[in-house]
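Enquirer: quick one, what's the 3D model for this:
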Amino acid sequence: MDSSPSITSTTLLLKVAAGADHAAERRFFECYSRLARAVIVASGIRKSHDIEDITQETMAAAMQALRISRYQRDQGAFRPWFKGILRHKIADARQSAARSVMPAETLPDQADPALPPDKAFEAAFDAEWRAIAMEEAIRAIKNEVKPTTWQAYDLVERQGWTRKDAAEHLGISRSAVYLSNLRIRRRLKRLLGTQD
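Expert: Reported below is the predicted structural model:
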């Protein structure tokens, strides 16, 4: 069972699959193309045109597969499904470059030899997935709570202010700052599926 945090809602996938919600498509593309680019670079591909080509091919394949119902949520989690598409597109690019008669300096770079390509891919995918999951969780929480609640959390937990300074700045009590931080930390843990 995949215990990593979820960044993909069924609603978003259904909207992308239907092809009628441009905002959902844009959000899907922004989120997953960023993830794809980071993993492609971590896998050793350095030339910008190769990175963009692989990213575009990955996103096109994922969106097309969603539209023709190749991905079924009840048959497995989205994360490994998308990871498989990305892994396949990176491998295709490497094989295509290796088959061509291009000079060695134009071949896509290989991953850092200190880390085997599969391990570099896995590490990059997992790290980027967690970062995007955190961003998505924060976006959701910011829409759920009062602005002052979010500001109290942001000042203390993300910017390093003391509770006293945050309370004075926001014009609320220190206990209100404490409770805001506690509430948001708990909500983040629930959204990200993390334990104490």
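Enquirer: grab the nearest non-local neighbour of Phe28.
Expert: Nearest non-adjacent residue to Phe28, counting by Cβ to Cβ, 6 or more residues apart in numbering: Val16, 4.9 Å away. Using the backbone N, CA and C atoms, a C-beta is placed for each residue, glycine as well.
Enquirer: ignore what I typed, I meant Ile141.
Expert: Closest to Ile141 by Cβ to Cβ, 6+ apart is Arg187, at 5.4 Å.
Enquirer: the helix or strand where the residue nearest to Phe28 lies: what's the following helix or strand?
Expert: In the assignment (DSSP states H and E), Val16 maps to helix 10-18. Past helix 10-18, further along toward the C-terminus, the next helix or strand under DSSP H and E is helix 22-42.
Enquirer: quick one: residues in contact with that following helix.
Expert: Helix 22-42 is contacted by residues 7, 12-13, 15-16, 19, 50-51, 54-55, 58-59, 62-63, 82, 86, 90, 111, 120-121, 123-125, 127-129, 132, 136 when judged by Cβ atoms under 8 Å, 6 or more residues apart in numbering.
Enquirer: list the buried residues in it.
Expert: Residues 24-25, 27-28, 31-33, 35-42 are the ones in helix 22-42 that count as buried (16 or more other Cβ atoms under 10 Å).
Enquirer: against which helices or strands is the helix or strand that comes right after it packed?
Expert: Following helix 22-42 in sequence order, the next helix or strand is helix 48-67 (DSSP H and E). If you count contacts as 3 or more Cβ pairs under 8 Å, 6 or more residues apart in numbering; DSSP states H and E, helix 48-67 packs onto helix 10-18, helix 22-42, helix 78-99.
Enquirer: residues making contact with helix 48-67?
Expert: 13, 16-17, 19, 25, 28-29, 32-33, 36-37, 40-41, 45, 71, 82, 85-86, 89-90, 92-93, 108.
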